[in-house]
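1. Turn this into a model:
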Amino acid sequence: MAKLLRLEAEHGRDAPRWTLGVQVSSDCDRVTAALVATVGRRIDLEPEIVDVATSPVPHETRALFAQLTRPGLAPPDPDFAGRVTSLCAQLADVEALLVNNLAGSGRAASRLLAVGVYDPGLWSCGKAMSGGYLGLCDAARLAELTDANVIDALPARDVARGGQGGPITALAEWVLLKHGERSRVLLDLGRSVRMTYLPRDRGGHAASRILSFEVGPGTRMLDQLTRRLTDGEHDYDPGGRLAVQGRRIAELEEHWLADPYFRRPLPRWQPRGVRPERFLLDAMRVAIDCGWSVRDMLCTANHFIAETIVVAVRRCLPRDAEVDEIVLTGGGQHNGMLLREIARRLPDVPIVRTGQYGPSGEALSPACIALLALFRLDEVPANPSAVTATELPRVLGRLTPGSPQSWRRLLAAFHAGQASARSLRAAS
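-> Below is the predicted model of the structure:
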């Protein structure tokens, strides 16, 4: 907050603009929100994360999401529309509680321009059908419950222009973590591993060199092996303590690394992440014939994930890319064995956590959504073709007005920024 007060004192009339980002987790089991105050326009921003909060999603809402996203859900489902609208309404109730807690009174309530929302959505993809995305934000309900202007459906425009729909947070991550002298790699050790190249900020066209893509399977693969090893007693391997008790099976690691997935060209991203089943199903059958234990497979999986990361650093980044630092986020950063294997393979590259530079792992994603809302207001395309494979970058997000007071505040902010704002045609 001290930095925020300093920014307000320094910039006077150009006071910080307040947005709030809300992210629903990929499994729809929690919602996290971050309140962000930002000085500057377009991508020349100096953001400050003011507050962050997380709320669990009720069990019945999680169960409803699981039903709607179950593989092989067979249409026609006469109750499909009703279940979708019910899910959206239930999520809006959870989101509204967080928004009102973070910005319901005081300074933020009187200055909040918009709430950005990102959720797992419902996706259609595959050779038999064109890609499609249906967001799970009931924007009208959320606006009524909070009085805030709401920006949602962030992947929709990218999908409409032939893009993958993600990853759409790369530009916002660069704004939050960029450095004038160091090029960084943001390594998200989540259910899938995602890598984002954040070139050093020396002006010019640094942002145009951003890359973000899925490396390969992540913690979901380790969690499935852990549940099998412990007969369901543990959902994950705390600190990698079970994995270190096994041995690395070179034959299995080489088999996994030869999977056709790793020959796919960039950009590479999937809405539900890399499913580990493609790596585990045949491996389980071979394990029985070869006498491999699940403990050995878990150990090998850690080596395998570390190796995919190193291969991606060496082969997928631009030839002239320098990696001065690896910044970690995601649940896998707490796996000591995995981190040790990554560090062993990249001994000359410092590895740090996001919290060392301001945004904690919990705050990073919703803070990025808050910045995406600001990009929408500033008419900044946030989907570079090199990241999402879109035919043409577009301004992302659908804007739903809140209360008359909130809408007037937003119109005043638009008017104040007209001198520096670009037209929509120029932004596209």
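
2. Now A37: which helix or strand?
-> Secondary structure from DSSP states H and E places A37 in strand 30-41.

3. low-scoring stretches of the stretch 301-428 of the chain, by residue?
-> Along the stretch 301-428 of the chain, the parts satisfying pLDDT under 70 run over 358, 418-428.

4. Repeat the analysis, applying 50 as the threshold.
-> For the stretch 301-428 of the chain, the stretches with pLDDT under 50 are 419-428.

5. if we can go back for a sec, compute the inter-axis angle for the next helix or strand after the strand holding A37 and strand 30-41.
-> Sequence-wise, the next helix or strand downstream of strand 30-41 (DSSP H and E) is strand 44-56. Angle, strand 44-56 to strand 30-41, by axes from the mean of the first three to the mean of the last three C-alpha atoms, to 10 degrees: 170 degrees.

6. all helices for the stretch 1-150 of the chain, in order.
-> 2-11, 59-68, 80-103, 106-111, 139-146 (DSSP state H, counting those that start in this stretch).

7. Next, the angle from the longest one to strand 44-56.
-> Note on geometry: by the same axes, to 10 degrees, helix 80-103 and strand 44-56 are set 110 degrees apart in direction.

8. Quick check: the residue lying closest to P16 once chain neighbours are set aside vs M221, distance?
-> Take P16 and drop its neighbours on the chain: the residue closest to it by C-beta to C-beta, 6 or more residues apart in numbering is A37, 3.9 Å away. For glycine as for every other residue, the C-beta is placed from the backbone atoms N, C-alpha and C. Using C-beta to C-beta, to the nearest Å, A37 is found at 39 Å from M221.

9. Just checking, which helix or strand of the protein averages the lowest pLDDT?
-> In the chain, the helix or strand scored least confidently by mean pLDDT, DSSP states H and E is helix 424-427, which has a mean of 44.

10. would T300 count as being in a helix?
-> Yes: the assignment for T300 is a helix, going by DSSP: H, G, I helix; E, B strand; the rest coil.

11. Now do the contacts for it.
-> For T300, the contact set (C-beta atoms under 8 Å, 6 or more residues apart in numbering) comprises G246, R247, R248, I249, L252, E253.

12. Tell me which of the helices of the stretch 1-150 of the chain approaches L374 most closely.
-> helix 106-111 (13.1 Å; C-beta to C-beta).

13. one step back: need the per-residue pLDDT for the residue nearest to P16.
-> Per-residue confidence (pLDDT) for A37: 95.

14. Tell me how many other residues crowd it.
-> A37 sits with 24 neighbouring residues when counted by other C-beta atoms under 10 Å.

15. Also D44?
-> By other C-beta under 10 Å, neighbour count at D44 equals 13.

16. How about P350?
-> 13.

17. nearest spatial neighbour of it, skipping sequence neighbours?
-> Spatially, and ignoring its direct neighbours in sequence, P350 is nearest to E325 (5.2 Å; C-beta to C-beta, 6+ apart).

18. Can you give me the distance of R345 to N302?
-> 12 Å.

19. try Y197
-> 24 Å.

20. Looking at the two, which is more packed in?
-> N302 (28 against 24).

21. Mind giving me the packing neighbours of the helix or strand where L171 lies?
-> Per DSSP H and E: L171 is located in helix 170-177. With contacts taken as 3 or more C-beta pairs under 8 Å, 6 or more residues apart in numbering; DSSP states H and E, helix 170-177 sits against strand 44-56, strand 184-189, strand 192-198, strand 211-217, helix 361-377.

22. same thing but at 7 Å, please
-> Contact partners of helix 170-177 among helices and strands, from 3 or more C-beta pairs under 7 Å, 6 or more residues apart in numbering; DSSP states H and E: strand 44-56, strand 184-189, strand 192-198, helix 361-377.

23. quick one on the thing from earlier: from the contacts of T300, which land in strands?
-> The members of the contacts of T300 all map outside strands under DSSP state E.

24. If any of those are buried, give me the ChimeraX selection for them.
-> ChimeraX command restricting those to the buried ones, with burial defined by 16 or more other C-beta atoms under 10 Å:
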select :246,249,252,253
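
25. which of the contacts of T300 lies closest to F279?
-> Nearest to F279 out of the contacts of T300 is L252 (C-beta to C-beta; 9.7 Å).

26. closest to D158 out of the helices and strands packed on helix 170-177?
-> Among the helices and strands packed on helix 170-177, helix 361-377 sits nearest to D158 (C-beta to C-beta), with 11.5 Å.

27. And the contacts of that closest one?
-> Contact with helix 361-377 is made by 17, 19-23, 32-34, 36, 38, 47, 49, 52, 54, 113-116, 118, 151, 154, 168-169, 172-173, 175-176, 329-330, 354-355, 359, 382, 395-397, 399, as judged by C-beta atoms under 7 Å, 6 or more residues apart in numbering.

28. Stretch 97-112 too?
-> Contact partners of stretch 97-112, identified using C-beta under 7 Å, 6+ apart, comprise W18, L20, V22, V31, A33, L35, D51, A53, S55, V115, T146, A148.
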